[in-house]
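Participant: could you look at this predicted model? Sequence included:
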Amino acid sequence: MSHDPPKEPHGFATRAIHAGQDADPTTGATVVPIYATSTFTQEAPGSHKGYEYSRSGNPTRAALETCLASLEGAERALAFASGLAASTAVLSTLRPGDELVASADLYGGTYRLLERVFRPMGVVARYTEASDPASFEALTTPKTKLVWIETPTNPLLQILDVREIARVAHEAGAVLAVDNTFASPYVQRPIGLGADLVVHSTTKYIGGHSDVVGGAVMGPRSLLEPIQFYQNAAGGVPGPFDAWLTLRGLKTLALRMERHNANALELATWLESRGEIERVYYPGLASHPGHALAGRQMDGYGGMISIRLRGGGPAATRFLKATRLFSLAESLGGVESLISHPATMTHASIPVEVRAARGVDDGLVRLSVGVEDVRDLRADLAQALERLSE
Ligand code: PLP
């Protein structure tokens, strides 16, 4: 797969640094300034330079939105204060009585949003446990307006066929939204595969340094129009400093993802050889059921690995406490390696019977592999695994 949508004059890494980031028109500043202003002075009522009030639009945010749209191969992007604010903006296009079909393996916060915020408002989510397109088709009804997937999924790293699920969604008259947070646009560009909307928690790989929370929605102008209305009407926008930090992180996305991909592939291969581990979930491994599909729709396999320890919950608890370089923390996609326990952390908001049936139980550990020296990361995991038998 090429990183570049048709007709783009520059490659991905160039656009990450330059798209939307021309020298500042008033001062020549090479780096987009932080426009720390809530409002913009007008020459006469309604006569202004394109900006009136920073909830509706801010030049630092606009630079980020232009760059994100370019990297995802989308007509437009809209930035939000968090990934969940971006997801909420997409879901706000649904009305009571509308239905959506989603993959069951989903970030816990998205599940909570669907079940505890949107279901009480009359929007019904149906979940498929299987990852094949036919299982999505089986859940669509004439009321289905949206199909929502993650791929790779959080936390089981399932690979879903974006092209085929887009076809299923379109045949049902629905829109396909892909949460592309786990892959990042460097690794996967769902719009080029037929998806309509892409959603990101920019908190993760896009920001890349675990120092800012944010979100974004990308897609065609026609679909983003009501979402832009919502962005301004509901107001969940990032401040200019957050937009600037995210844009600064984005500049090195290509470099970082190359290292995330390489480190994770090396560690996953090594983890698979360890006796303490029952199963390694990583799409780059030939043993992964989605390996061939991942090879077709992704460039590299990303930086996320999940593992199931043979010793179950007690072994997972010891392992989580034993790593030194891998910090025990929520979140993912930063330069530093993190380790987490989905059952009690990122996916704790999913009822235990629902998530345990899917394999998100106490023995599952998730690794966000950073860009450190891979030998140090392997040594850290090795010493933690060795401590399980002490
Ligand atoms: N989507 C995925 C796949 C995530 O992992 C997360 C957060 O962990 C979100 C969305 C929500 O993003 P945020 O925490 O920026 O609201």
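Facilitator: Here it is on my side, so go on. Numbering: from 1, shown residues only.

Participant: which residue is the nearest non-sequential neighbour of the residue in the stretch 1-150 of the chain positioned nearest to the ligand?
Facilitator: Proximity of the stretch 1-150 of the chain to the ligand (CB to the nearest ligand atom) peaks at residue 83, 2.3 Å away. The C-beta positions use only the backbone N, C-alpha and C, and glycine is treated the same way. Distances taken as CB to CB, 6 or more residues apart in numbering place residue 201 nearest to residue 83, at 2.6 Å, with adjacent residues excluded.

Participant: OK, contacts around that neighbour?
Facilitator: 82, 83, 84, 86, 107, 179, 181, 214, 215 (CB atoms under 8 Å, 6 or more residues apart in numbering).

Participant: compare these and tell me which is most surrounded.
Facilitator: Counting neighbours by other CB atoms under 10 Å, the top entry in those is residue 86, with 30 neighbours.

Participant: my guess is that residue contacts residue 92. True?
Facilitator: No: counting by CB atoms under 8 Å, residue 92 is not a contact partner of residue 86; they are 10.7 Å apart.

Participant: residue at max distance from the center of this structure?
Facilitator: Largest separation from the mean C-alpha position in the chain: residue 44, at 42.2 Å (CA atoms, centre = their mean).

Participant: can you pull the pLDDT of residue 355?
Facilitator: With respect to pLDDT, residue 355 scores 83.

Participant: repeat that for residue 218.
Facilitator: In this model, residue 218 is scored at 98, pLDDT.

Participant: likewise residue 100?
Facilitator: For residue 100, the predicted pLDDT is 98.

Participant: who does it bridge with?
Facilitator: residue 125, residue 146 (DSSP bridges).

Participant: ok, now which ones touch it?
Facilitator: By CB under 8 Å, 6+ apart, the contact set of residue 100 is 91, 94, 114, 123-126, 144-148, 174.

Participant: give me the number of residues near residue 126?
Facilitator: Neighbours of residue 126 under the rule other CB under 10 Å: 15.

Participant: contacting residues for the closest residue to it other than its chain neighbours?
Facilitator: Among residues not flanking residue 126 along the chain, residue 139 sits closest, at 4.5 Å (CB to CB, 6+ apart). Residues in contact with residue 139 (CB under 8 Å, 6+ apart) are 101, 126, 127, 128.

Participant: then the longest helix seen in the chain to CSV, C-alphas only?
Facilitator: Looking across the chain with DSSP state H, the single longest helix is helix 253-272. C-alpha atoms of helix 253-272 as CSV (Å, rounded to 0.1, in the frame of the first residue of the first chain):
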residue,chain,number,x,y,z
LEU,A,253,4.6,10.4,13.1
ALA,A,254,6.2,8.6,10.2
LEU,A,255,9.5,8.2,12.0
ARG,A,256,7.9,7.1,15.2
MET,A,257,5.6,4.6,13.6
GLU,A,258,8.5,2.9,11.7
ARG,A,259,10.1,2.3,15.1
HIS,A,260,6.8,1.3,16.9
ASN,A,261,6.2,-1.2,14.1
ALA,A,262,9.7,-2.7,14.2
ASN,A,263,10.0,-2.9,18.0
ALA,A,264,6.5,-4.5,18.3
LEU,A,265,7.2,-7.1,15.6
GLU,A,266,10.4,-8.1,17.2
LEU,A,267,9.0,-8.3,20.7
ALA,A,268,5.8,-10.2,19.6
THR,A,269,8.0,-12.8,17.8
TRP,A,270,10.1,-13.2,20.9
LEU,A,271,7.1,-13.3,23.3
GLU,A,272,5.6,-16.1,21.3
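
Participant: got the buried residues for it?
Facilitator: By neighbour count on 16 or more other CB atoms under 10 Å, the buried set for helix 253-272 is 253-254, 256-268, 271.

Participant: likewise for stretch 202-211?
Facilitator: 202, 203, 204, 205, 206, 207, 208, 210.

Participant: which bits of the stretch 1-150 of the chain sit near the ligand?
Facilitator: The stretch 1-150 of the chain comes close to the ligand at residues 82, 83, 84, 107, 109, 110, 150, as judged by CB under 6 Å from any ligand atom.

Participant: swap the cut-off to 8 Å and go again
Facilitator: 82, 83, 84, 85, 86, 87, 106, 107, 109, 110, 150 (CB under 8 Å from any ligand atom).

Participant: please report phi then psi for the residue nearest to residue 83.
Facilitator: phi -90, psi 100 (degrees, to the nearest 10).

Participant: if you rank the contacts of residue 100 by neighbours, which is first?
Facilitator: Result: residue 147 is most packed of the contacts of residue 100 (other CB under 10 Å), 28 neighbours.

Participant: how much space between the nearest residue to that residue once chain neighbours are set aside and the ligand?
Facilitator: Spatial nearest neighbour of residue 147, excluding adjacent residues (CB to CB, 6+ apart): residue 169 at 4.0 Å. To the ligand, residue 169 is 19 Å away according to CB to the nearest ligand atom, to the nearest Å.

Participant: switch to numbering from 5
Facilitator: Renumbered: residue one is now 5, and that last one reads residue 173.

Participant: tell me what the residue in the stretch 205-354 of the chain positioned nearest to the ligand is bridged to.
Facilitator: Relative to the ligand, the nearest point of the stretch 205-354 of the chain is residue 205 (3.0 Å; CB to the nearest ligand atom). Counting by DSSP bridges, residue 205 is bridged to residue 219.
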